[in-house]
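> Provided below are the primary sequence and the corresponding predicted coordinates.
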Amino acid sequence: MKKHGTLLIILALTLMLAGCGGQKGSTAAGTLPVIETVTAEAQTAAPGTEKTGRAEKTTAEEPTTEEPTTEETATEEPATEETTTEETTTEEPATEEPKTEEPTTEEPTTEEPVTEPPATDPPATDPPATEPPVTEPPVTEPPATDPPATDPPATEPPVTEPPATDPPVTEPPATEPPATEPPADGPLVCLDPGHQGRANHDQEPVAPGSSDTKDKVSDGTYGVTTGIRESLINLTIALQLREELLARGYRVIMTRMSEDVDISNIERAQLANNAGADAFLRLHCDNGDPSWTGCAVFCQHPYSEYNGHQYEASRRLSETVLANMCRVTGAQNRGVTEAYHYSGINWSRVPGGLFEMGFLSNAADEQRLLDPAYQHLLVIGMADGLDAYFGR
């Protein structure tokens, strides 16, 4: 009977403890040590005093008062309370542990801002990545200046093409100062390149005392295919003839040595008169029917009231020079024509003539007159004619 009472007490205690543990929220694992301790005490109490045995009997006999007895016994037995308190004390750190875990979870939250600053660091390195390209453009700029170096040659050909006929125009100013050559033993020849760069349409008398007038200087003619001015060809050949005559010992004066002048036909004749020239050669190019070709000369009329007295000298000079021009160049000799209407001839007081070196209205003659080799032949022919005229 005592054994049965003890077992009932143990069961009552376990039930009571289980109820208390459920109220406190203790886990099944937490009640296990309580059961173990109670059983141990019960085993030790089995051979105990009679008081415990009587108590067990009374508890077994009064079922209705089991609940209060269990509560009282729970309070009377300090051992069980100690165990419960010990268990709760041990259980409390178990519940406190998750509290310590919360700061551990807070650490990642603090780590995120730590990682965010480095996220901004890479952009700080990006600007230097773009800086090198800034220095690249200046590297490519020098080659940008290389193409302009090739542009000037592209424009050089057209610049050099027109001047092919221009050099004679630029040459005269270099020799302009000596209008008259140093004294020499040779005859004095006045060369008059007909016309000029710009015509002067002001009027002047055709002859001394005449009421008839003409332009002081007309335009002259132009090349039928190239449009070149007659005045330019006249000047080009006259300058070459000057050099040839000087080389042969002649003294030479020029009425003009540039296209940029304004000298009338009367003024040109007066220049030869005032210098006392032994010969006055006026160089021109002719114009007419496209089929006409060759060289010709105009001189004063034998019955001219102005200078008929020098007709014979002028005629001989004209024929001699013309013959040599045609001989050397092979050009057709169109002969000498006596004229009244040339103011440069009518105002002249020295032997001379107006020499037509070819027809710019004829394409073949025009090409020959532009050919430096043909120009040289004309120069040699005229110089040979002067030598023949002066008997040199």
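Okay, I see it.
> only C-alpha atoms for contact and neighbour calcs from this point on.
Noted.
> For Leu11, give me the pLDDT.
At Leu11, the model reports a pLDDT of 77.
> mind checking the SS state of it?
Here Leu11 is recorded as helix under DSSP: H, G, I helix; E, B strand; the rest coil.
> Likewise for Ser348?
Assignment for Ser348 (three-state DSSP): coil.
> correct me, but it touches Ala269?
Yes - in terms of CA atoms under 8 Å, Ser348 counts as a neighbour of Ala269; the distance is 5.0 Å.
> Report the contact partners of Pro302.
Going by CA atoms under 8 Å, 6 or more residues apart in numbering, Pro302 touches 308-309, 311-312, 338.
> rerun at 10 Å
308-312, 314-315, 338-340 (CA atoms under 10 Å, 6 or more residues apart in numbering).
> sorry, back to before: can you check which residues contact both of Ser348 and Ala269?
With CA under 10 Å, 6+ apart as the test, Ser348 and Ala269 both reach Phe280.
> Just flag the most distant two among the contacts of Pro302.
Glu312 and Tyr340 (15.5 Å; CA to CA).
> neighbour-wise, which of the two wins?
Tyr340 (18 against 15; other CA atoms under 10 Å).
> just to revisit the earlier point, what is the nearest of the contacts of Pro302 to Glu204?
Tyr340 (15.1 Å).
> right, and that closest one touches Ala207 too?
Yes - with contacts counted by CA atoms under 10 Å, Tyr340 reaches Ala207, the gap being 8.9 Å.
> which neighbours do those two share?
305-306, 346.
> Show me which of the residues you listed are buried.
Buried members of the shared contacts of Tyr340 and Ala207, scored by 16 or more other CA atoms under 10 Å, are 306, 346.
> so what's the residue nearest to Tyr306 when sequence neighbours are not counted scoring on pLDDT?
Of all residues not flanking Tyr306 in the chain, Asn346 sits nearest, at 6.2 Å (CA to CA, 6 or more residues apart in numbering). Asn346 is assigned a pLDDT of 96 by the prediction.
> what does Pro127 give?
44.
> What number of residues are in the vicinity of Asp371?
12.
> ugh, typo on my part, it should be Glu319
With other CA under 10 Å as criterion, Glu319 counts 21.
> mind listing what the residue nearest to it when sequence neighbours are not counted touches?
Leaving aside its sequence neighbours, Glu319 sits nearest to Val336 (CA to CA, 6+ apart; 6.6 Å). Going by CA under 10 Å, 6+ apart, Val336 touches 295-299, 315-316, 318-319, 322, 353-355.
> Tyr389: which of the residues you listed is nearest?
Nearest to Tyr389 among these, with distances taken as CA to CA, is Arg316, at 7.5 Å.
> From what I see, the closest one and Gly352 are in contact.
Yes - using CA under 10 Å, Arg316 is in contact with Gly352, at 9.3 Å.
> okay, and the common contacts of those two?
Cys299.
> the more surrounded of those two?
Neighbour totals were compared for Arg316 and Gly352, and Gly352 leads with 32 against 17 (other CA under 10 Å).
> who's that one bridged to?
Phe280 (DSSP bridges).
> Thr320 is in contact with that one, correct?
No - with contact defined as CA under 10 Å, Gly352 does not count as touching Thr320 (11.5 Å).
> ok, back up a step: show only the entries of the contacts of Val336 found in strands.
295-299, 353-355 (DSSP state E).
> Model confidence score at the residue nearest to Glu319, please.
Reported pLDDT for Val336: 97.
> Backbone dihedrals for it, both of them.
phi -110, psi 140 (degrees, to the nearest 10).
> Check Pro205 too.
phi -60, psi 140.
> and it, how many neighbours?
So Pro205, with other CA under 10 Å, has 17 neighbours.
> picking that back up, of the ones in strands among the contacts of Val336, closest to Ala238?
Phe355 (11.4 Å).
> how close does that closest one sit to Ser314?
12 Å (CA to CA, to the nearest Å).
> In the stretch 101-250 of the chain, where is pLDDT below threshold?
By pLDDT under 70, the weakly predicted segments of the stretch 101-250 of the chain are 101-184.
> shouldn't Gly227 be in contact with Gly220?
No - Gly227 is not in contact with Gly220 according to CA under 10 Å; the separation is 11.7 Å.
> Looking at those two, which is more packed in?
Gly220 (18 against 11).
> any idea which element the more buried one lies in?
Counting by DSSP states H and E, there is no helix or strand that carries Gly220.
> pLDDT on the helix or strand Asn274 falls within, on average?
Using DSSP H and E, Asn274 sits in helix 265-275. Mean pLDDT, helix 265-275: 98.
> Which residue ranges of the chain form strands?
So, for the chain - with DSSP E - the strands run 188-193, 200-205, 213-217, 251-254, 279-286, 295-300, 333-339, 352-359.
> Let's have those strands in TSV, adding distance to Pro372.
Below are these laid out as TSV (distance: least, CA to CA, whole Å):
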stretch	distance to Pro372
strand 188-193	17
strand 200-205	29
strand 213-217	27
strand 251-254	21
strand 279-286	16
strand 295-300	17
strand 333-339	21
strand 352-359	14
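> ok, which stretches of this structure are helices?
Per DSSP state H, the chain carries helices over the ranges 2-24, 28-45, 50-61, 66-76, 78-144, 146-160, 167-175, 230-247, 265-275, 311-329, 343-346, 363-370, 372-390.
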